[in-house]
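Undergrad: please work out how this folds:
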Amino acid sequence: MTGDIIATRFPGRYHRAMPHGDRIAEFLLSIGAVRLSPNAPFTWASGIKSPIYCDNRMIYSHPDARDYIVNALIARVKALHVPPDVIAGTATAAIGWAALVADRMKLPFVYVRSKAKEHGAKKRIEGDLKPEKDVVVIEDLISTGGSSISTVEALREEGKATVTDVVSIFTYEFSAAQENAVCNRIKFHPLATISILLDVAVAEARITEEEAEMVRRFTEEPDEWGKH
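TA: This next block holds a predicted model:
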């Protein structure tokens, strides 16, 4: 499966507003970072049964794709309303992306653990984060937005930081993610979406329109899809 188009079933939310989306979708598909398995669904850490799985860690091993995506992340961060003082990454998948972005932008870098250490200072934030800094979070993938929200909460509470934006490589476009973002006063800024990916995959004959529609149904009701 390989794809690269930024159309979306949420008109006006992302609709071809992401100049890098098509190319990133192509990378994800061509290197095998995205897999489709409707008859033997994947089980996510959350327990959700899914016909699609995206592993952005694969990109780290492909220099051309890695370089392109780092540049795209930087461009998106620079386009935000407030220049960040610090770049933060979610552990573990986005640590590398955030570190690369921070290095290129010559900004301080921290990362946030999924839970506090059981020893030492028992903190979640690793690095030297001073209070009252504007922080942008880098995320590799957004499904429900849970890990991103948890990271933002730690930065706000433990780090005394101002956090309003999460920049990610990819999103499944779950409605729950958007709802979580609104409730927690943050904005998600994905470089590519599932809608883009599916449109590209169909255009390149990597999947059928029927398979694409099945994935679209999954993204509309992820909690119910595996039960049918």
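Undergrad: ranges for the strands of this protein?
TA: If DSSP state E is used as the criterion, the strands of the chain fall at 34-36, 42-43, 49-50, 52-54, 86-90, 109-112, 125-126, 134-142, 162-171, 187-193.
Undergrad: output the longest one as PDB, nothing but the C-alphas.
TA: Below are the C-alpha coordinates for strand 162-171, written out as PDB (Å, rounded to 0.1, in the frame of the first residue of the first chain):
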ATOM      1  CA  THR A 162       2.700  27.000  28.200                       C
ATOM      2  CA  VAL A 163       1.600  24.400  25.600                       C
ATOM      3  CA  THR A 164      -1.000  25.000  23.000                       C
ATOM      4  CA  ASP A 165       0.200  23.000  19.900                       C
ATOM      5  CA  VAL A 166       1.100  19.500  19.000                       C
ATOM      6  CA  VAL A 167       2.700  18.900  15.600                       C
ATOM      7  CA  SER A 168       2.500  15.300  14.400                       C
ATOM      8  CA  ILE A 169       3.600  13.300  11.300                       C
ATOM      9  CA  PHE A 170       0.300  11.500  10.900                       C
ATOM     10  CA  THR A 171      -3.300  11.300  12.200                       C
END
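Undergrad: what is the neighbour count of the residue nearest to Lys122 when sequence neighbours are not counted?
TA: Spatial nearest neighbour of Lys122, excluding adjacent residues (CB to CB, 6 or more residues apart in numbering): Ala116 at 5.0 Å. No exception for glycine: its C-beta is placed from N, CA and C like everyone else's. For Ala116, the neighbour count with other CB atoms under 10 Å is 14.
Undergrad: cool, thanks, talk later.
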